[in-house]
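Asks: structure of the sequence below:
(2 chains)
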Number of protein chains: 2
Amino acid sequence: MKHKLPDINQEFSEWYHEIVAQAELADHAPVRGCMVVRPYGCALWERIQAIVDQKIKATGHHNALFPLFIPESFLKKEADHVAGFSPELAVVTHAGGKELEEPLVVRPTSETIIHYMFARWLTSWRDLPLKINQWANVVRWEMRPRAFLRTTEFWWQEGHTAHETAEEADEETHLMINEYRDLIENYLAIPVFCGKKSENEKFAGALMTLTLEAIMPDGKALQMCTSHRISQTFAHAFDMKFQDRQGALSYPHLTSWAVTTRAIGALVMAHGDQKGLVIPPRIAPIQVVIIPISNDANRTVVMEYSLALKKQLDEAGVRTQIDYDEQKTPGAKFYHWELRGIPLRIEIGQRDIEKNAATVVERVEGKKQSVGIDGIVDMVQKTLEATQEILFRRAQERRAGQEMVVEMLNTIISRIENHRGYFKTSWCKECNCETVLKEHKASIRCLLDTPPTYASCFSCGKDSITDIIVARSY
Amino acid sequence: MKHKLPDINQEFSEWYHEIVAQAELADHAPVRGCMVVRPYGCALWERIQAIVDQKIKATGHHNALFPLFIPESFLKKEADHVAGFSPELAVVTHAGGKELEEPLVVRPTSETIIHYMFARWLTSWRDLPLKINQWANVVRWEMRPRAFLRTTEFWWQEGHTAHETAEEADEETHLMINEYRDLIENYLAIPVFCGKKSENEKFAGALMTLTLEAIMPDGKALQMCTSHRISQTFAHAFDMKFQDRQGALSYPHLTSWAVTTRAIGALVMAHGDQKGLVIPPRIAPIQVVIIPISNDANRTVVMEYSLALKKQLDEAGVRTQIDYDEQKTPGAKFYHWELRGIPLRIEIGQRDIEKNAATVVERVEGKKQSVGIDGIVDMVQKTLEATQEILFRRAQERRAGQEMVVEMLNTIISRIENHRGYFKTSWCKECNCETVLKEHKASIRCLLDTPPTYASCFSCGKDSITDIIVARSY
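Replies: You can find the predicted model right below:
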């Protein structure tokens, strides 16, 4: 039934498409640009949700649920915001059998409706900060959909906060981008660049956007998470006022930040290989799969041995599953779980039992060894931790090999088609110098915090102010 | 700032409306019929989700995510289904700046789109059963909205399964209604009637609907959860075929089942009192609130003592929060947490510390006692369990007092305005006898499993077949 995966080096895009389908992460929906997230994809998303939700709550935020529909007039209250989102909106014009007096937009993001509610809830500085998050689906009409990376409907959390001072709001944006960085680097094992977006690339309605940018094996950048300082015009537009400590009326300072189901696409691309997915152990819904290899004579013994091992691993907090399926050969099971990137496979057959051992096979390095049952839990835990580190290091090394530090625009232009990597260069921060990159389908992915490598701008030659990462992107 | 709650006995509906607002469970959204679920309401929903999700997974179902939008033509494939939902649909006609060729319906429920996908995934009996669940928002245009009970957008889980045989599908519907019953009775502490819906009242597109019906203090019934055997016409409409064990093409047998944010409304009504909410301990996001009562001299000592107690309770798995707020008086805090129905309040002041004790106050019975720190964790756990039982027993007794066993329709009609309860009677199962109840805004809530109390039907006088619960409903 299954086909060989396309060559990951030659046909990366086709490989991605096929692995998403074959590993049953997602399927096409019968609505343009929409996807169905299948159980294995959903299990990955639930792992991400659990980690992020814990971080959100530990940093003093509360979950709430806001409406799917936003009155069209709300979006028009902030000029940049509506200009940014207008082409992507889905609009409800009829409901309850009638044409609506005012069309309702299906939320592309919830700043406007949440700010409207904030304005209702806020009277005094004592009400601040407001620190709210919601887990939700959002819709942005997508002309070039690609599972997880760009879909008309996607799932995310969106945090929205209001603060007394600009400093506090700034701290919040940095706090949350750092929480995201922990998720992406220490769980998903994907190294990222963290920096500000340029004026051209920031969120529609933001004063400032912080981003985490990952570099994929094909050289394209993928925006993983963003954290925004929202423009004060939102607070003004929604008349969001409070009495400050001096008794005067003030407008709060706002932030928003999000991580989406796109993270699953990043995970697939960052670590996958010719055999399929490779899921880092800390994020894996299943860390260990046990394959009993038995015949009619020893079926019960093998099963009991497998169950006893599963129990030990469960108790140690290792997420373990036994593949009981009697319709499938062991070989078909190996293939099935390798394709799904389960970090460790444990085979249990007659000879393993006789040795009071089990055969442990690593997904990443393919190493296969017999391990005595007495020490197996410890060995599994250590191997999972080691695998996590190997994957991150491997991704770092891969990215290091994709870096090209260049001084001049011409070098970028001449290399961009074949480089399969990103460019680091220096910039004067003027918008015009960025525009020229667009002609070559590239953009400034983020501004780095480090001093500029070169004295002059890559494009105009004026004094440079900052280093930047330039790449094509998803 | 806060107003006295309306009299719960005289003005139940106003009381409900006020308590939802004052306890900050939900707020009106600026879109007709929609609500914002505020953090405390959301925390209750997350508790319900955690319990239900665990049950769903433990019974072998997998979570997935399906699109929000459904092509209009899909809904038309099953005649009863479209007839049932048409008046309630919200329709997207424009997206991405253009008019759509085919309008998209915002899902009122997901049978059609999930069945479409099932048909893609299903080829052989080996693929069965398909046991899928999704947590989602759905939209049904609501003309008479009421927070949690009837809102245009609401949140739920919807389980959808496909089975080889009708027997298996029947078992599934019963399995899931029993899981729900455990949630509603043993966590929410609300006694329910469990039975089939009449032909008139069953789900649009169901062969058979099982329901859990709770009786609210005002006498109205509230449908808590449903579990359906879905009509085979769905399988035919979506060409959902599989090769059966005999090699012939067969259509699978389908179920669906759901619990919604309405459960929060039931919780509010079932247990609330004149002081506010009363949340059963097993479902309470906060089971114990600690109120430090200190002055400038002993603030640190009181806080350390409070933190040490919280640590002990946390370690014992008791969900505990300290109210640190220095802006508020202890009295204001008592009021705040009573309104929110926290099962236990622990006050800690100078005298408590001197006695190496704490003052424990129960929300339900109002009992206040000094408890030595050494035994306090044990006492708290036992009191929480006892409170859970008291609430369920109290709700059972209240419901028993609302029962009126009647033989004849006339009695129902003459009593229905003033009874504040439900009627138990016997029925012949003919649809006509049900219609007359509608004229009095009542309906058959469910068919009971027990033999009929009376020999003849309450309405037509023919032989009766089953006992039924008759009531007005939310």
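Asks: and the helix or strand of chain A with the lowest mean pLDDT, does that touch chain B?
Replies: When each helix and strand of chain A is scored by mean pLDDT, DSSP states H and E, helix A:79-85 comes last, with a mean of 84. No - Helix A:79-85 does not reach chain B (CB under 8 Å from any CB of the partner chain); its nearest approach is 11.2 Å. For the C-beta atoms, the positions are set from N, CA and C on the backbone; glycine is no exception.
Asks: alpha carbons only: can I get that helix in PDB?
Replies: C-alpha atoms of helix A:79-85 as PDB (Å, rounded to 0.1, in the frame of the first residue of the first chain):
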ATOM      1  CA  ALA A  79      -5.900  51.000   9.600                       C
ATOM      2  CA  ASP A  80      -2.800  48.800   9.400                       C
ATOM      3  CA  HIS A  81      -4.600  45.800  10.800                       C
ATOM      4  CA  VAL A  82      -7.400  45.900   8.300                       C
ATOM      5  CA  ALA A  83      -5.000  46.500   5.400                       C
ATOM      6  CA  GLY A  84      -3.000  43.500   6.500                       C
ATOM      7  CA  PHE A  85      -5.800  41.100   6.900                       C
END
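Asks: can you tell me if the next helix or strand along the chain from that helix touches chain B.
Replies: Where DSSP states H and E defines the elements, the next helix or strand beyond helix A:79-85 is strand A:90-95. Yes - residues of strand A:90-95 contacting chain B under CB under 8 Å from any CB: A:90-95.
Asks: want to try JSON lines for those, with pLDDT and neighbour count as columns?
Replies: Formatted as JSON lines, the residues of strand A:90-95 next to chain B follow (pLDDT from 0 to 100; neighbours: other CB atoms under 10 Å in any protein chain shown):
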{"residue": "A:90", "pLDDT": "97", "neighbour count": "24"}
{"residue": "A:91", "pLDDT": "97", "neighbour count": "21"}
{"residue": "A:92", "pLDDT": "97", "neighbour count": "27"}
{"residue": "A:93", "pLDDT": "96", "neighbour count": "17"}
{"residue": "A:94", "pLDDT": "96", "neighbour count": "17"}
{"residue": "A:95", "pLDDT": "96", "neighbour count": "24"}
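Asks: name the residues that touch the least confident helix or strand of chain A?
Replies: The contact list for helix A:79-85 (CB atoms under 8 Å, 6 or more residues apart in numbering or on different chains) reads A:75-76, A:108-109, A:111-112, A:140, A:203-205, A:231, A:233-234.
Asks: spell out which residues of the stretch 151-300 of chain A are next to chain B.
Replies: Counting by CB under 8 Å from any CB, the stretch 151-300 of chain A sits next to chain B at A:153, A:155.
Asks: give me the three-state assignment for the closest residue to residue A:391 other than its chain neighbours.
Replies: The spatial neighbour of residue A:391 that comes closest, neighbours along the chain excluded (CB to CB, 6 or more residues apart in numbering or on different chains), is residue A:189 at 4.2 Å. Taking DSSP: H, G, I helix; E, B strand; the rest coil as the rule, one finds residue A:189 in the coil state.
Asks: name the nearest residue to residue A:120, ignoring sequence neighbours.
Replies: residue B:27 (7.0 Å).
Asks: check which helix or strand covers the one you found.
Replies: strand B:26-28.
Asks: and residue A:373, how far is that from chain B?
Replies: Computed as CB to the nearest CB, to the nearest Å, the residue A:373 to chain B distance reads 28 Å.
Asks: and the gap between the residue located most distally from the centre of chain A and chain B?
Replies: In chain A, counting by CA atoms, centre = their mean, residue A:297 sits farthest out from the average C-alpha position, at 47.6 Å. Remark: distance between residue A:297 and chain B (CB to the nearest CB) = 25 Å.
Asks: relative to residue A:189, how far out is that residue?
Replies: Noted for residue A:297: a distance of 43 Å to residue A:189, by CB to CB, to the nearest Å.
Asks: what do you get for residue A:437?
Replies: Note on residue A:437: its distance to residue A:189, by CB to CB, is 29 Å.
Asks: returning to that earlier point: so the residue nearest to residue A:391 sits right up against residue A:398, yeah?
Replies: No - counting by CB atoms under 8 Å, residue A:398 is not a contact partner of residue A:189; they are 11.5 Å apart.
Asks: which parts of the stretch 1-150 of chain A are strands?
Replies: Here the stretch 1-150 of chain A has its strands, by DSSP state E, counting those that start in this stretch, at A:26-28, A:35-37, A:62-63, A:69-71, A:90-95, A:98-106, A:130-139.
Asks: now the angle from the fifth one to strand B:90-95?
Replies: Here the directions of strand A:90-95 and strand B:90-95 differ by 130 degrees (axes from the mean of the first three to the mean of the last three CA atoms, to 10 degrees).
Asks: for chain A, what's the longest helix?
Replies: Assignment by DSSP state H gives helix A:376-402 as the longest helix of chain A.
Asks: and it, what other elements does it pack with?
Replies: Helices and strands touching helix A:376-402, as assessed by 3 or more CB pairs under 8 Å, 6 or more residues apart in numbering or on different chains; DSSP states H and E, comprise helix A:262-271, helix A:299-315, strand A:344-348, strand A:357-362.
Asks: re earlier: closest one of the residues of strand A:90-95 next to chain B to residue A:283?
Replies: Using CB to CB, residue A:90 comes nearest to residue A:283 of the residues of strand A:90-95 next to chain B, at 31.2 Å.
Asks: what's opposite that closest one in the beta bridge?
Replies: Residue A:90 has these beta-bridge partners by DSSP bridges: residue B:95.
Asks: ok, back up a step: which of residue A:437 and residue A:189 has more residues huddled nearby?
Replies: Per other CB atoms under 10 Å in any protein chain shown, whichever of residue A:437 and residue A:189 has more neighbours is residue A:189, with 26 against 23.
Asks: quick check: the gap between the more buried one and chain B.
Replies: Distance, residue A:189 to chain B, by CB to the nearest CB: 24 Å.
Asks: who touches that residue in this structure?
Replies: By CB under 8 Å, 6+ apart, the contact list for residue A:189 reads A:270-271, A:280, A:282-283, A:388, A:391-392, A:395.
Asks: ok, residue A:25 next?
Replies: A:19, A:37-38, A:40-41, A:44, A:147-148, A:264, A:268, A:277.
Asks: of those, closest to chain B?
Replies: Proximity of the contacts of residue A:25 to chain B (CB to the nearest CB) peaks at residue A:37, which lies at 3.9 Å.
Asks: the closest one touches residue B:65, doesn't it?
Replies: Yes - contact criterion CB under 8 Å: residue A:37 and residue B:65 qualify, at 3.9 Å.
Asks: joint contacts of these two?
Replies: The contact lists of residue A:37 and residue B:65 share A:45, A:155, where a contact means CB under 8 Å, 6+ apart.
Asks: and for residue A:432, the neighbour number?
Replies: 9.
Asks: leaving out sequence neighbours, find the closest residue to it.
Replies: Nearest to residue A:432 is residue A:460, by CB to CB, 6+ apart, at 7.2 Å.
Asks: quick one: residue A:472 and residue A:222 touch, right?
Replies: No - applying CB under 8 Å, one finds residue A:472 not in contact with residue A:222, separated by 10.6 Å.
Asks: comparing those two, which shows the higher neighbour count?
Replies: Neighbour count, other CB under 10 Å: between residue A:472 and residue A:222, residue A:222 has more, with 22 against 19.
Asks: surely the more buried one meets residue A:149?
Replies: Yes - the criterion here is CB under 8 Å, and residue A:222 meets it with residue A:149 at 7.3 Å.
Asks: now do the shared contacts for those two.
Replies: Counting by CB under 8 Å, 6+ apart, the common neighbours of residue A:222 and residue A:149 are A:262, A:265, A:474.
Asks: report pLDDT for the first one.
Replies: Residue A:262 carries a pLDDT value of 98.
Asks: same thing with residue A:431?
Replies: Predicted confidence (pLDDT) for residue A:431: 87.
Asks: where does the prediction get shaky in the stretch 201-350 of chain A?
Replies: Counting by pLDDT under 70, not a single residue of the stretch 201-350 of chain A qualifies.
Asks: need the nearest residue in space to the residue of it found nearest chain B, chain neighbours excluded.
Replies: The stretch 201-350 of chain A approaches chain B most closely through residue A:327 (6.2 Å), counting by CB to the nearest CB. Distances taken as CB to CB, 6+ apart place residue B:126 nearest to residue A:327, at 6.2 Å, with adjacent residues excluded.
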